[in-house]
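>>> fold the following and give me the result.
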Amino acid sequence: QRRAAEDALKRFQRQPGYQSTLLQLITQNNFPLPIRQSATILLKNIIVHNWSVRKAVGPNSVLISDKDRGIIKQNLLESILQQNRHQIRVQLLECLLHVCRTDFPAKYPHLLSDIMKNIHSKNPQRIYGALCSLRQVFKNYHFRAQKDRVFLPRLVEATFPTLIQVLNALLSSNPNQDSYEMI
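As a prediction, this is how the structure comes out:
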C-alpha cells in the first residue's frame, strides 16, 4: 500500500503546487498513515535535492516554484509543532534543516522568532517541536566555514537565556519521559 501511494505521488512532482500540497496532505490526520509517511519522504527528498536549485538542471531535478517555497516556509514550522508522529516529525525536521541551509536567516527572517514564541508556550508538544526545530537551525551552522558563521553569535545570544530557563524548569519539575527527551 505504501509503495503504491508513493508511486502515485511521484507522478505529479513536477506540477506547480505539488510540494505545498504534499505538506498539506502530511498535516491531515484523516489520511492513512502510510500515505502521510510517503508524502513526507517525498517532500523531504524533493527539498534535499532541489531546494537550492533555482532552475532545472537535469531530467530528475524538480523546480520548486517561489510560491511553493513561500507556502512551505510559512507552514513548515507549524507542521512540525503539530506533528505527533515521530517518524513524520523527523522527516519534516530534515526539510527544515535543508530550507535553513539556503534561506536562513535572510530569506526566512521570521523563523527564529516563531520558534522562540513556541518555546515560551505552555504546550509541551509545541515546546518539544520548537526545541527540535531550533536544534536544526543550529545544526545548519555546524560544518560551515568560520566566514559563514557570522549569524551564529546572534543566534546564541537570542536563544541561550531562554534555553537555560527551559532547562531549569524541566529539571525542577517532576521529570518524565517527555522532559528527558526535551533535555
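
>>> for the helix or strand harbouring residue 169, name the packing helices and strands.
Per DSSP states H and E: residue 169 is located in helix 152-172. Judged by 3 or more CB pairs under 8 Å, 6 or more residues apart in numbering; DSSP states H and E, the packing partners of helix 152-172 are helix 111-119, helix 124-139, helix 177-182. For every residue, glycine as well, the C-beta is placed using N, CA and C.

>>> mean pLDDT for those helices: which is lowest?
Within these, the least confident segment by mean pLDDT turns out to be helix 177-182, at a mean of 68.

>>> show me the residue at the heart of this protein, geometrically.
When the chain is reduced to its mean C-alpha position, the nearest residue by CA atoms, centre = their mean turns out to be residue 96, at 3.0 Å.

>>> kindly list the single helix or strand of this protein that scores lowest on mean pLDDT.
Least confident helix or strand of the chain, by mean pLDDT, DSSP states H and E, is helix 177-182 with a mean of 68.

>>> circling back to that earlier point, looking at the helices and strands packed on helix 152-172, which is nearest to residue 85?
Of all the helices and strands packed on helix 152-172, the one in closest proximity to residue 85, counting by CB to CB, is helix 124-139 (11.6 Å).

>>> may I see the buried residues of that closest one?
Across helix 124-139, burial judged by 16 or more other CB atoms under 10 Å covers 126-134, 136-137.

>>> over to stretch 21-29?
Within stretch 21-29, the residues that qualify as buried are 21-23, 25-27, counting by 16+ other CB under 10 Å.
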